[in-house]
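Chemist: Task: produce atomic coordinates for the following.
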Amino acid sequence: MASERITGKPDLVPVLGELEDEQAAALTEQLAGADERIAALAEKLNENGGVGFATDGIVVEQEWSGQAMIKALVENEKRNVGFAAELRPRNFFGDEDNPWQPGRPPMVMATDAWDVAGEVSVRFKTRVGGRPYTIQEQVVELAEKRHESAEEAVAAFVGTCDKLIELALSKPPKVGDWKPDIPESVGAPPIR
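Modeler: Residues are numbered from 1 along each chain as shown. So this is what the prediction gives:
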């Protein structure tokens, strides 16, 4: 997997397709502005009592499979509170009936429509049926929306990042403040 931060002027072609030089520069500038705000968010969360929040900023990520996306992730050092946004080509998940497999040529990402989504997720321990269990839960979903142009998709991604920043600062940066209200033990009590 190759990952390059937007501030390093990565190649946007695998995600957004061929762009005019001016268009690529304008989209990169928008993404770089959001990158600065995402980096500042990690610092602000640590100032507000969070522990070890960090980010790689906004990155262009490409897998061996050919799958490529633009993403942002801010999470704490225990990886139990995270704020994420993704901009993916419409065929990112490929064909369910004929998925990509190692040894095949890399997938070619479609560059005629893109999906943008965001989420806040938490991971916490609870008891299920009397046994300890770790649950990962998406506690806020910024619904996935499809966009028909690279400009619309990047604007939506930047907007999703800004919404995540607003959400992240709306509560203390602790698991207990983000996890859903569920009973301490889910299911039957332990057998004694």
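
Chemist: residues in contact with Val175?
Modeler: 80-81, 122-124 (Cβ atoms under 8 Å, 6 or more residues apart in numbering). (Each C-beta comes from the backbone N, C-alpha and C, glycine too.)

Chemist: Select from the residues you listed every entry located in strands.
Modeler: Among the contacts of Val175, the members falling in strands (DSSP state E) are 81, 122-124.

Chemist: Nearest to Trp64 among these?
Modeler: Checking the ones in strands among the contacts of Val175 against Trp64 with Cβ to Cβ, the nearest one is Arg123 at 26.6 Å.

Chemist: Could you list every helix and strand that the longest helix anywhere in the chain packs against?
Modeler: The single longest helix within the chain, with elements called by DSSP state H, is helix 21-47. The contact analysis (3 or more Cβ pairs under 8 Å, 6 or more residues apart in numbering; DSSP states H and E) places helix 21-47 against strand 54-62, strand 68-75, helix 150-168.

Chemist: Let's have the ones you listed in a markdown table, adding mean pLDDT and mean neighbour count.
Modeler: Output for the helices and strands packed on helix 21-47, formatted as a markdown table (pLDDT from 0 to 100; neighbours: other Cβ atoms under 10 Å):
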| stretch | mean pLDDT | mean neighbour count |
| --- | --- | --- |
| strand 54-62 | 96 | 21 |
| strand 68-75 | 97 | 23 |
| helix 150-168 | 98 | 20 |
